[in-house]
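*Asks:* Structure of the sequence below:
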Amino acid sequence: MLLLLACADPTALGDLPVHVKLAESIPTVARLTWDEGPATVEIRLDGALVQEFEGDGTALVVGLGPQRSYGYTVQHDDGRTQSGVISTGNVPTDIPEMDVETFGEPLDSGFIIGTFVSAASGPLILDHEGTPVWWFKDARDDILVVRAWLLPDGSGVVFGTSTNDIEAEGRVSEIIEVDWEQTSIHTIQVPGFHHDFALLPDGYAAIVSDKREIEGRLVTGDSIVEVHGDDLETIWTSWDDRPWTEELAKTPEMLRNYTHANAVDYSEELDAYTLSIRNLNTVVHVDAQTGEEQWAIGEHGTLVLVGEAERRTTLEQHQFDLDGDSLLVFDNGTTDDLDSRVVEYTLDTEGGTAEEVDTYRTEPELFNYALGNVARLPDGARLVTWSTGGQLEKVSPDGTLEWRLNTEIGAALGYMEWVPTLH
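*Replies:* Below you'll find the predicted structure:
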């Protein structure tokens, strides 16, 4: 790793003293420091402007690729200026390598935030060319990190971490906030947390296991728990609206864990949660104020599927994207059919119906036995994550593959989302 100490940049040209320092834990993050006062900072790669922002005595530069030399210019408001070079360090060897192919419209400039699952697991940010620009590794064994978001104030990343076995005693269940330089790490204990959490205007909403004793044995359901600092509040639980019954126990797993919720989203516009319940093959929509289910789609849904459909319910689905009356679902399929797809439904919640209107499968087809995500992009395309296949795709609304990223063999991806900027 190349680390520039907090001293004047020897490559600098100009009359404004600027100090450059790479973060010790993440050598693609650089801090520029100058005399007090506002200044405009420009970052260039091979002469092309890649970032421009304001600072006051200091500026943190994130989103840089590894082992690259970036030119910087700091233009102080008093007219002084300085230009120099930021030389970034290496990517750790246990961060998976990426290969990108473009077949049509490439992925828009911006970044992909998500997680990697290989020998290690942690949050990961890629640029639009698939280059890692930020990462964080949890050194603990048997840790699964599925979801990461940008902190709403732009200061870093928040991610959820839990023991891989969601039924293990004494398991890790945490939401962790990390600043860009990885010098400030704040851990929130959320007992029973697993898989996914959503951002709220003033906190988080997490999927939390809810264990009850039934006929002398513990059975695990799930709940949606709001996290406000150290305060936890249960908003919804499967035991109220979808209690365990003998009829649900179709498999040995469902005798122990009958829900296995795995994805949750929050809509500030609707003030509502959407939750994927894998073992019930059902996606539910919940009022955030009352905790009451408003509708559900799938095997145990309230919406009736009308028209023709490839199959009458999703099977072991994971992440989804709800936009108005359109619901995209990553529909994993089962080990019996080995058929993973993205399916789109048009919902008529007033009329109590849903219609399958589109499906997409990658070529060659992949069976994605765990995780999986679909998210809409600003241009109408979809970002599809084939998690266990280590594959990420940009797919046009008509199902045309436009861009694809593959990780090296053995490396999986968690839930991945595109963001326009890290600032």
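*Asks:* need the contact list for Asn368.
*Replies:* 330, 332, 340, 386-389 (C-beta atoms under 8 Å, 6 or more residues apart in numbering). Heads up, the C-betas are built off the backbone N, CA and C, glycines and all.
*Asks:* Report the next helix or strand after the least confident helix or strand in the chain by mean pLDDT in sequence order.
*Replies:* Sorting the helices and strands of the chain by mean pLDDT, DSSP states H and E puts strand 7-8 at the bottom, at a mean of 50. Downstream of strand 7-8, the first helix or strand assigned by DSSP states H and E is strand 13-14.
*Asks:* The chain - how does it break down into domains?
*Replies:* 7-87, 98-419 (automatic domain parsing).
*Asks:* all strands for the stretch 251-400 of the chain, in order.
*Replies:* 261-267, 272-277, 282-287, 293-298, 304-306, 320-323, 326-331, 341-348, 353-360, 373-376, 382-386, 391-395 (DSSP state E, counting those that start in this stretch).
*Asks:* tell me the average confidence for the third one?
*Replies:* Per-residue pLDDT values across strand 282-287 average out to 98.
*Asks:* Would you confirm that Leu255 contacts Thr220?
*Replies:* No: the pair Leu255 and Thr220 fails to qualify as a contact (C-beta atoms under 8 Å) at a distance of 10.1 Å.
*Asks:* These two: who's more crowded?
*Replies:* Using other C-beta atoms under 10 Å as the criterion, Leu255 and Thr220 rank with Thr220 on top: 22 against 15.
*Asks:* is the more buried one in a bridge, and if so with what?
*Replies:* Note on Thr220: beta-bridge partners Lys211, Asn257, judged by DSSP bridges.
*Asks:* Would you agree it is in contact with Met254?
*Replies:* No: Thr220 is beyond contact range of Met254, at 9.8 Å (criterion: C-beta under 8 Å).
*Asks:* Nearest to Val100, out of the strands of the stretch 251-400 of the chain?
*Replies:* Comparing the strands of the stretch 251-400 of the chain by their distance to Val100 (C-beta to C-beta), the top pick is strand 391-395, with 9.1 Å.
*Asks:* ok, and what's touching the single longest strand found in the chain?
*Replies:* Counting residues, the longest strand found in the chain (DSSP state E) is strand 30-45. Strand 30-45 has contacts (C-beta under 8 Å, 6+ apart) with 4, 6, 16-23, 49-61, 64-65, 68, 70-78, 82, 86, 88, 181.
*Asks:* Show me how to select, in PyMOL, the buried members of those.
*Replies:* Selection of buried members from those for PyMOL, criterion 16 or more other C-beta atoms under 10 Å:
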select buried, resi 4+16+18+19+20+21+22+23+50+51+55+59+60+61+64+65+70+71+72+73+74+75+76+82+86+88+181
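*Asks:* Take the contacts of strand 30-45 and keep only those in helices.
*Replies:* Assignment to helices by DSSP state H places none of the contacts of strand 30-45 there.
*Asks:* Cross-reference the contacts of strand 30-45 with the strands and report the matches.
*Replies:* Checked against DSSP E, the contacts of strand 30-45 include these in strands: 18-22, 49-61, 70-76, 82, 86.
*Asks:* What are the buried residues along stretch 357-367?
*Replies:* Using 16+ other C-beta under 10 Å as the test for burial, stretch 357-367 gives 360, 362, 366.
*Asks:* Just the mean pLDDT for that stretch, thanks.
*Replies:* The average pLDDT for stretch 357-367 rounds to 97.
*Asks:* Kindly report the same for stretch 36-52.
*Replies:* Rounded mean pLDDT across stretch 36-52 is 96.
*Asks:* Pull out the buried positions in it.
*Replies:* So stretch 36-52, judged by 16+ other C-beta under 10 Å, has buried residues 39, 41, 43, 50-51.
*Asks:* what about it, start to end distance?
*Replies:* Counting by C-alpha to C-alpha, to the nearest Å, you get 19 Å between the two ends of stretch 36-52.
*Asks:* How about stretch 83-100?
*Replies:* Start-to-end span of stretch 83-100 (C-alpha to C-alpha) is 32 Å.
*Asks:* tell me how far that stretch is from the chain's mean position?
*Replies:* Centre-to-centre, stretch 83-100 and its host chain are 21 Å apart (C-alpha atoms, centre = their mean, to the nearest Å).
*Asks:* Next, format the strands of the stretch 251-400 of the chain as TSV and append distance to Gly203.
*Replies:* Shown next, in TSV, are the strands of the stretch 251-400 of the chain (distance: least, C-beta to C-beta, whole Å):
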stretch	distance to Gly203
strand 261-267	10
strand 272-277	13
strand 282-287	17
strand 293-298	22
strand 304-306	35
strand 320-323	21
strand 326-331	25
strand 341-348	28
strand 353-360	31
strand 373-376	22
strand 382-386	26
strand 391-395	29
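*Asks:* Leu413: which of those strands is closest?
*Replies:* strand 382-386 (5.5 Å).
*Asks:* for the closest one, packing partners?
*Replies:* When contacts are defined as 3 or more C-beta pairs under 8 Å, 6 or more residues apart in numbering; DSSP states H and E, strand 382-386 packs onto strand 326-331, strand 373-376, strand 391-395.
*Asks:* can you put those strands in a markdown table and add mean pLDDT?
*Replies:* What follows is these, written out as a markdown table (pLDDT from 0 to 100):
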| stretch | mean pLDDT |
| --- | --- |
| strand 326-331 | 98 |
| strand 373-376 | 98 |
| strand 391-395 | 98 |
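*Asks:* Using JSON lines, lay out those together with distance to Pro27 and mean neighbour count.
*Replies:* As requested, these are exported to JSON lines (distance: least, C-beta to C-beta, whole Å; neighbours: other C-beta atoms under 10 Å):
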{"stretch": "strand 326-331", "distance to Pro27": "34", "mean neighbour count": "22"}
{"stretch": "strand 373-376", "distance to Pro27": "29", "mean neighbour count": "22"}
{"stretch": "strand 391-395", "distance to Pro27": "24", "mean neighbour count": "23"}
